[in-house]
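Peer 1: With the sequence up front, the predicted model follows.
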Amino acid sequence: MKDFISTALLFFLVIDPVGNLPLFIATLGKAPPERYRPIVIRESTIALGLMLVFMFSGNHILSYLNLSKAAIELAGGIILFLISIKMIFGGAIAIYSRGTNPETESDEPLIVPLAIPFIAGPAALSTCLLLGGTGYLAWTVAIPALITAWLLATLILLCGRWASRLLGTKLLSALEALMGLILVALSAEMLIKGIKMAFNLGA
């Protein structure tokens, strides 16, 4: 249960629904209000399918590359640390916002940019790939945890317009920064575990 909760929390943080709320609202600004939720459900489903593909193929890819579990833990910790720093300082929103202009996008985008990279972004796909390489853990913990985190993230995105009006941009940014701080701790734990595995230290 502990592994499930921590893994679900990890997936929730890297999917980052709170940070994605302003991006979804801006991108779907021209879409009819009644189309907002159907679009979110469609794009979230596409993103889940892609993340599951990365999860299932992770073990084969990592075996083919002959990567050790220590390397997986260290690489995952570094990736998550970089993503958490962007979350804390708003870098992720700034990067995606520069690449997405609601004035030039179509009224109803398909796959890009909502499913990819907003939901299934580099952090989420990398996490799926790395956890997919852990074999037994992927089947018993990672996949149920991913689906749980995805459901919660989708519910948050479905309430996007209402939540944005209720909370405001500043509070949403503060919540994202808080999630980033939690992700820093998780990434540090992965780095510590990877170092212990690499040097055969005690748990």
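Peer 2: That came through fine.
Peer 1: And stretch 31-41, end to end?
Peer 2: End-to-end distance for stretch 31-41, by CA to CA, to the nearest Å: 15 Å.
Peer 1: How about residues contacting that stretch?
Peer 2: Where contact means CB atoms under 8 Å, 6 or more residues apart in numbering, the residues beyond stretch 31-41 that reach it are Phe24, Leu28, Asp107, Glu108, Pro109, Leu114, Thr154, Leu157, Leu158, Gly160, Arg161. Backbone N, C-alpha and C define where each C-beta goes, glycine included.
Peer 1: between those residues, which is nearest Tyr64?
Peer 2: When those are compared for distance to Tyr64 (CB to CB), Leu114 wins out at 31.2 Å.
Peer 1: For that closest one, give its distance to Leu21.
Peer 2: Remark: distance between Leu114 and Leu21 (CB to CB, to the nearest Å) = 12 Å.
Peer 1: now the helices for the protein?
Peer 2: Across the chain, reading from the start of the chain, the helices by DSSP state H fall at 2-15, 17-27, 36-64, 69-89, 91-99, 122-132, 136-137, 143-158, 160-198.
Peer 1: circling back: so between Leu114 and Leu21, which is more surrounded?
Peer 2: Here Leu114 and Leu21 are compared on neighbour count by other CB atoms under 10 Å; more neighbours surround Leu114, at 26 against 23.
Peer 1: Quick check: the more buried one vs Thr154, distance?
Peer 2: According to CB to CB, Leu114 and Thr154 sit 12 Å apart.
Peer 1: swap in Ala47?
Peer 2: Spatial separation of Ala47 from Thr154 under the definition CB to CB is 9 Å.
Peer 1: What score does the residue lying closest to Ile83 once chain neighbours are set aside have for pLDDT?
Peer 2: Beyond its immediate neighbours in the sequence, the residue positioned closest to Ile83 (CB to CB, 6 or more residues apart in numbering) is Ala123, lying 4.2 Å away. Residue-level confidence at Ala123 comes out at 79, pLDDT.
Peer 1: quick one on the thing from earlier: and the helices of the chain, which one's lowest on average pLDDT?
Peer 2: Among the helices of the chain, helix 91-99 has the lowest mean pLDDT, at a mean of 44.
Peer 1: returning to that earlier point: the residue nearest to Ile83: neighbour count?
Peer 2: 25.
Peer 1: And for the one 4 residues further on?
Peer 2: Around Thr127 there are 27 other residues, counting by other CB under 10 Å.
Peer 1: How about it, nearest residue that isn't a chain neighbour?
Peer 2: Distances taken as CB to CB, 6+ apart put Val14 closest to Thr127, at 5.1 Å, once the chain neighbours are dropped.
Peer 1: can you tell me which residues contact the one you found?
Peer 2: Leu80, Ile83, Gly121, Ala123, Ala124, Thr127, Leu183.
Peer 1: Let's have these in TSV, adding distance to Ser63.
Peer 2: Rendered in TSV, the data for these read as follows (distance: CB to CB, whole Å):
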residue	distance to Ser63
Leu80	22
Ile83	25
Gly121	25
Ala123	23
Ala124	22
Thr127	18
Leu183	28
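Peer 1: May I have the phi/psi pair for Leu28?
Peer 2: Recorded main-chain torsions at Leu28 are phi -100, psi 20, according to degrees, to the nearest 10.
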